[in-house]
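**Student:** the amino acid sequence is not available; the structure is as follows:
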């Protein structure tokens, strides 16, 4: 049998969904668990999540938020307080009904100690955090209240996929309360822009910032905003949401304050979150048929050193040279932190060792053998290039260029993903064209279809429903215009990116589905 | 009514347990929640936990551990696999029995979607992590496997106290698997020494390292080791545990590997954990009747700048001077990190503003008014000294001494706690003396009693039971001797501390309770 030409089988073209699962496995990111729908996040996947957390957490703190922690359990009565909210979450939650186990007649354990009021494992924390806010907020002086929580949440899902949809997942949820609608709206947009900046500058994943239509709103929200990214199968993935909750949850939780004028008023609240789903998004944005490709700013290991240890007589010399190089590189800073360098001196693994790092997506691999040492140079491979595109470079030059090489990879990954999105986004003005665009050419490969479509829409939900039914296509968002977009006030990117003019343009036209007037084009796609 | 002389009412002497609750409240660390036994960790308490996490996490990684994440839920059958373990945890756990809610006849939500097998919210994760380990470990080359998890856990407690005992708490749990008993034992002791080093060097809390007696072991462990600290009411608090699990959990979870000799063998495992309980321990080690006192290495804010803004005409000048000082101080490094400095420029709060920072335990307060600026000096108050012991210092001198002042406070807190423990530890050789030592002089204040006792014990569990029954006194640990103690290999302390010779001494004698021979003295105390 011929050697497979790629590390991942099947390839993206052969079977995209299965390719995804195989990359998760090959990169050692996570695995399914014996608990229905729950995943085990393995060390490499968790290290990636820690880097995502660290970067986001710094952005939250720089925009004035503080972390806190609230109970895992929510009393049923809390959930019931907001009608739309309970409607949205009651159907898929884990319910705790007992607080003890005792041996039953057959010796098996059975739940005993029935609770008076069942508890729900939090699917999101608006209501339980709202209860605290109602105590913390008395006067306008206590506002704004800007809180974030890093936590696990549970939404009982029947069909799960690692990172993309799991019963338990890790996330952060921001919850804020404000004295005025304007302030709360500003916060909603600010945090959306923080998410966009994180996605683009750290994940190297271009996103569209936009507003959800009424049907896609968070249960209980007045307005929901999102960032949407294009995966390599041209489907959209919602990577983060920011909700303007109006006074709905303040009413449900009784968050009131005395205004500067001495009046008792309801607060205005927001919430916003991103989750371990981002890891799935990152994977599907950059990976190839050899496995994961990590953007350098989030890679747990940015450079791996692979000493060539075939010969007993040169082994000590090679290792010493490598250790010296590791020390030199760790003195280099990239994006404000010392380089993350790993030396993999495991022996007797041959090509397997190198392939492990390729599949795990480490941005730069450096091989060093006796011949490289003789010329005081290193043999370099970049994960964003082909596996065989290696080059030699003088050691000293490599050390001084290392951070620049990483930033070049970071930028290139972003550009490549943006180019892919541009190539797979189309302005469509006719219904037939729209249907053709989203109809798979090959019934065996339903995942192969057009991509993103920018089309006019007159605002009628019946059209949304029809397109979802006919094509499984939804309005991903009504893209933001520059006037509406928020500003994180942070500038962490290599270059300021901002809104993509292709999407941000908001000129009126005719809805191809109804023939009626449309205020602007909106973004359509199939989605995760 | 006279002004109370302390910020906290009651004082420690008046009512210690109530003083504890009042310090938690005054320092704004946490509050009870409407969910039975669960707490809300407020921003100041959570920031402290984040600092604990960051310091410990770095120590875990420096000793070769990697973080991962495992499911929140444990199937009943997993819990049942280790007999002693289920016995220890089944009585106090949250049980998920349903996965849906539907409106019942009266419109109220009722649980539906009954699970085939109930799920337990993890009280600890040996069994669910063991399941993953059984897949990850195939060969001796996969060992040692060194994993840590940061997570929430739930143990249904009837009587709860913020941080000290809550139904849900946050913790880390290390889980490791090894090829030999010796290696697993070495790991158990290494992690105990990491905990001891963290407690002493970061928390400024002296601890005794020791082994638990059989009756106090973790359910399912072969040996349990612990660090024990003395609180200001002279009771002991178990601040961390490290368990040698032998092959018990490997057997229950089927963690097998092929040895270097090609034999199939069971792995040897360990587990170790510390929790948000540490915050309670820290509070009771250092706080006084004015509130919390934070060791500088863990304080979320190490220095707070309080501008005197009484006069409109000097306000701008004072603020400018303060901002400059903040910037200067943030360039100073303390213990490897930039100083954490906060400027509190809130107006119109008078003494309340200062007292807020006193009660929150910030190590250094700096007041700056026009007169200080005139002499280019600052007015300094240290939280470890009396509230009125303030001193003036030239600004430049303060900036250069700031890190040294903080380290002086850190060391002083440690020394003070150690001196307190020495003063309240007694070698006791007669049963009557022992009973007198632990019998409160005043029945109204049962918390006022001797302290720690070092007494001989012949190893008979009946004696332990008797003392627990008569005096509510337990053997906190059999202190480690230098030969037995582990070595973290890390040296983060200002000065290496090691075992306290008072406790580490292991000479034989006579058990005062049985008259029989005793191999050594063990540590007795009342405990949290």
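**Tutor:** Cool, got the structure. Bear in mind that the values here come from a model prediction, so they are computed numbers and not experimental data.

**Student:** where does the prediction get shaky in chain A?
**Tutor:** Residues of chain A meeting the criterion pLDDT under 70: A:1-4, A:446-448, A:491-497.

**Student:** ok, longest helix in it?
**Tutor:** Secondary structure of chain A per DSSP state H: the longest helix is helix A:395-423.

**Student:** contact partners of whichever helix or strand comes after that helix?
**Tutor:** Later in the chain than helix A:395-423, the nearest helix or strand by DSSP states H and E is strand A:425-427. Identification of contacts with strand A:425-427 by Cβ atoms under 8 Å, 6 or more residues apart in numbering or on different chains yields A:230, A:437, A:450-455, A:502, A:521. Just so you know, the C-beta spots here come from the backbone N, C-alpha and C atoms, and that holds for glycine as well.

**Student:** and the one helix or strand residue A:467 maps to, what does it pack against?
**Tutor:** Element membership for residue A:467, per DSSP H and E: helix A:461-471. If contacts are counted by 3 or more Cβ pairs under 8 Å, 6 or more residues apart in numbering or on different chains; DSSP states H and E, helix A:461-471 sits against helix A:431-438, strand A:474-479.

**Student:** give me whichever of those is most buried.
**Tutor:** With neighbours defined by mean count of other Cβ atoms under 10 Å in any protein chain shown, none of the helices and strands packed on helix A:461-471 is more surrounded on average than strand A:474-479, at a mean of 24.

**Student:** distance to residue A:132 added to the helices and strands packed on helix A:461-471, as CSV?
**Tutor:** Formatted as CSV, those follow (distance: least, Cβ to Cβ, whole Å):
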stretch, distance to residue A:132
helix A:431-438, 45
strand A:474-479, 31
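
**Student:** of those, which is nearest residue A:294?
**Tutor:** strand A:474-479 (25.6 Å; Cβ to Cβ).

**Student:** buried ones in the longest strand anywhere in chain A, by neighbour count?
**Tutor:** Longest strand in chain A by number of residues (criterion: DSSP state E): strand A:109-121. Within strand A:109-121, the residues scored as buried using 16 or more other Cβ atoms under 10 Å in any protein chain shown are A:109, A:111, A:113, A:115, A:118-121.

**Student:** quick one: contacts of that strand?
**Tutor:** With Cβ under 8 Å, 6+ apart, strand A:109-121 has contacts from A:72-77, A:79, A:93-104, A:153-154, B:35, B:72, B:76, B:79-80, B:86, B:90, B:94-98, B:101, B:111, B:118, B:121, B:156.

**Student:** next structured bit after it?
**Tutor:** Strand A:109-121 is succeeded, C-terminally, by helix A:126-136 (DSSP H and E).

**Student:** and that next one, what other elements does it pack with?
**Tutor:** Looks like helix A:126-136 contacts helix A:76-80, strand A:145-154, strand A:168-178, helix A:248-253, strand A:268-275 (3+ Cβ pairs under 8 Å, 6+ apart).

**Student:** any idea which of those is most buried?
**Tutor:** Per residue and on average, the most neighbours among the helices and strands packed on helix A:126-136 fall to strand A:268-275, with a mean of 26 (mean count of other Cβ under 10 Å).

**Student:** that one packs against which elements?
**Tutor:** helix A:126-136, strand A:168-178, helix A:181-201, strand A:236-244, helix A:248-253.

**Student:** ok and the fourth one relative to strand A:168-178, angle-wise?
**Tutor:** This points to strand A:236-244. Orientation of strand A:236-244 against strand A:168-178 (axes from the mean of the first three to the mean of the last three Cα atoms, to 10 degrees) gives an angle of 30 degrees.

**Student:** just give me how far strand A:236-244 sits from the chain centre.
**Tutor:** Relative to its chain's centre, strand A:236-244 lies at 9 Å (Cα atoms, centre = their mean, to the nearest Å).

**Student:** about what we covered before: can I get the helices and strands packed on helix A:461-471 in a markdown table with distance to chain B?
**Tutor:** A markdown table is the format used below for the helices and strands packed on helix A:461-471 (distance: least, Cβ to the nearest Cβ, whole Å):
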| stretch | distance to chain B |
| --- | --- |
| helix A:431-438 | 33 |
| strand A:474-479 | 25 |
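
**Student:** between the ones you listed, which one is nearest to residue A:398?
**Tutor:** Closest to residue A:398 of these is strand A:474-479 (Cβ to Cβ; 42.0 Å).

**Student:** now the very next helix or strand once past the closest one, how far from the centre of its chain.
**Tutor:** As assigned by DSSP H and E, the chain's next helix or strand after strand A:474-479 is helix A:501-504. Taking Cα atoms, centre = their mean, one finds the center of helix A:501-504 at 22 Å from the center of the full chain.

**Student:** just checking, what packs against the next helix or strand after helix A:501-504?
**Tutor:** Using DSSP H and E, the helix or strand that follows helix A:501-504 towards the C-terminus is strand A:509-510. Counting contacts by 3+ Cβ pairs under 8 Å, 6+ apart, strand A:509-510 packs against strand A:517-518.

**Student:** now the element after the strand it packs on, going C-ward?
**Tutor:** Where DSSP H and E defines the elements, the next helix or strand beyond strand A:517-518 is strand A:521-525.

**Student:** residues contacting that following strand, please?
**Tutor:** Taking Cβ under 8 Å, 6+ apart as the rule, strand A:521-525 contacts A:208, A:210, A:213, A:228, A:230, A:234-236, A:427, A:434, A:438, A:451-457, A:467, A:473-479, A:503, A:505-507, A:509.

**Student:** strand partners of that strand, parallel vs antiparallel please.
**Tutor:** Applying DSSP bridges, strand A:521-525 is found paired with strand A:452-456 (antiparallel), strand A:474-479 (antiparallel).

**Student:** and residue A:128, what does it touch?
**Tutor:** Per Cβ under 8 Å, 6+ apart, neighbours of residue A:128: A:70-71, A:74, A:78, A:122, B:33, B:35.

**Student:** what of residue A:57?
**Tutor:** Residue A:57 sits next to A:67, A:148, A:150, A:172 when contact means Cβ under 8 Å, 6+ apart.

**Student:** again, 7 Å this time
**Tutor:** Counting by Cβ atoms under 7 Å, 6 or more residues apart in numbering or on different chains, residue A:57 touches no other residue.

**Student:** over to residue A:373?
**Tutor:** Contacts of residue A:373 by Cβ under 7 Å, 6+ apart are A:317-318, A:321.

**Student:** switch to 6 Å and redo it
**Tutor:** Counting by Cβ atoms under 6 Å, 6 or more residues apart in numbering or on different chains, residue A:373 makes contact with residue A:321.

**Student:** from chain B, how far out is it?
**Tutor:** Distance, residue A:373 to chain B, using Cβ to the nearest Cβ, to the nearest Å: 28 Å.

**Student:** measure the residue most central in space within chain A to chain B for me?
**Tutor:** Centroid-nearest residue in chain A, with Cα atoms, centre = their mean: residue A:278, separated by 1.8 Å. According to Cβ to the nearest Cβ, residue A:278 stands 15 Å off from chain B.

**Student:** tell me which helix or strand that residue sits in.
**Tutor:** helix A:277-286.

**Student:** what's that helix in contact with?
**Tutor:** A:23, A:48, A:52, A:163-164, A:203, A:205, A:229, A:231-232, A:237, A:239, A:293, A:413, A:417.

**Student:** before we move on, what about stretch A:67-81?
**Tutor:** A:86, A:117-120, A:122, A:125, A:127-129, A:147-148, A:252, B:33, B:35, B:38, B:40-43, B:46, B:109, B:152, B:168.

**Student:** same thing with stretch A:158-175?
**Tutor:** Under the contact criterion Cβ under 6 Å, 6+ apart, stretch A:158-175 has outside partners A:24, A:30, A:37-39, A:125, A:129, A:147-150, A:152, A:154, A:156-157, A:271-273, A:275-277, A:279-280, A:528, B:72.

**Student:** before we move on, the earlier item: any of the contacts of strand A:109-121 buried? List them.
**Tutor:** Neighbour-count burial (16+ other Cβ under 10 Å) is assigned, among those, to A:72-76, A:79, A:93-101, A:153-154, B:35, B:72, B:76, B:79-80, B:86, B:90, B:94-98, B:101, B:111, B:118, B:121, B:156.

**Student:** neighbours of the residue of the stretch 351-500 of chain A at minimum distance from chain B, how many?
**Tutor:** Residue nearest to chain B within the stretch 351-500 of chain A (Cβ to the nearest Cβ): residue A:352, separated by 12.3 Å. Applying other Cβ atoms under 10 Å in any protein chain shown, we find 9 residues neighbouring residue A:352.
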